[in-house]
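Asker: What follows is a predicted protein model with its sequence.
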Amino acid sequence: MKDAIENFGLEGIYIDSKIDAIAAYMSGTCRNFYFTTEYMQPVEPLRHAYINGIGLPDVDGHFAHPHLWTVEVSAGIEGYLALPMPVELMFRYAGSTEAQPIYEIPRNRWAVGLNTDIYDYATLSLAYAYSDYDPDYDVGYGDNSTNRHLFFTQIAVKF
């Protein structure tokens, strides 16, 4: 592990893995519509997050107290388009405050995608996401852009 940390230049980074936090999650369905939402935040500001031994205060000198949330709505569209397999159209919004300097999470992310079952216990997703970063922080890509576009796919296997 020590070699991996040195090879990737991470020897000065430390984030306490034992952080007390609050999380809430809710989901529901109504006919062909699915709704999921979640919210997370630490109980106290992250005083134990360090880079090169220095705490990570925000621009006002306060330690970060990140908040993260996600709202996702999807609808089964196979009935409307006479498709031979189940297909969902998904819209997602995710937001955060004070999470970018520690976790590189954008302050806003909008996504749209399609999900379809490819086997009994496997789902294929194709999606596009637009991420909006806080202009006060470096987004880590070597330029001053405050947004990113991302096309992605994933396969989920249900157990």
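Answerer: Arrived safely, thanks for sending.
Asker: can you list the weak-confidence ranges in this structure?
Answerer: For the chain, applying pLDDT under 70 flags the ranges 1-18, 46-62, 101-103, 136-145.
Asker: Residues touching the helix or strand hosting residue 131, excluding its own?
Answerer: Element membership for residue 131, per DSSP states H and E: strand 122-132. For strand 122-132, contacts defined as Cβ atoms under 8 Å, 6 or more residues apart in numbering pick out 90, 92, 106-118, 146-158. (Glycine included, C-beta is placed from N, CA and C.)
Asker: Name every sheet partner of that strand and say whether each one runs parallel or antiparallel.
Answerer: Strand 122-132 pairs in its sheet with strand 108-119 (antiparallel), strand 147-157 (antiparallel), by DSSP bridges.
Asker: what does the shortest one contact?
Answerer: By that I understand strand 147-157. 106, 118, 121-133, 139, 141.
Asker: can you pull the alpha-carbon coordinates of it into CSV?
Answerer: Written as CSV, here are the backbone C-alpha positions of strand 147-157 (Å, rounded to 0.1, in the frame of the first residue of the first chain):
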residue,chain,number,x,y,z
ASN,A,147,-18.4,22.6,-16.5
ARG,A,148,-18.0,19.2,-17.9
HIS,A,149,-20.0,17.0,-20.3
LEU,A,150,-19.9,13.2,-19.8
PHE,A,151,-21.4,10.4,-21.8
PHE,A,152,-21.3,7.0,-20.0
THR,A,153,-22.6,3.5,-19.9
GLN,A,154,-22.9,1.0,-17.1
ILE,A,155,-24.1,-2.5,-16.5
ALA,A,156,-25.8,-3.2,-13.2
VAL,A,157,-26.1,-6.8,-12.0
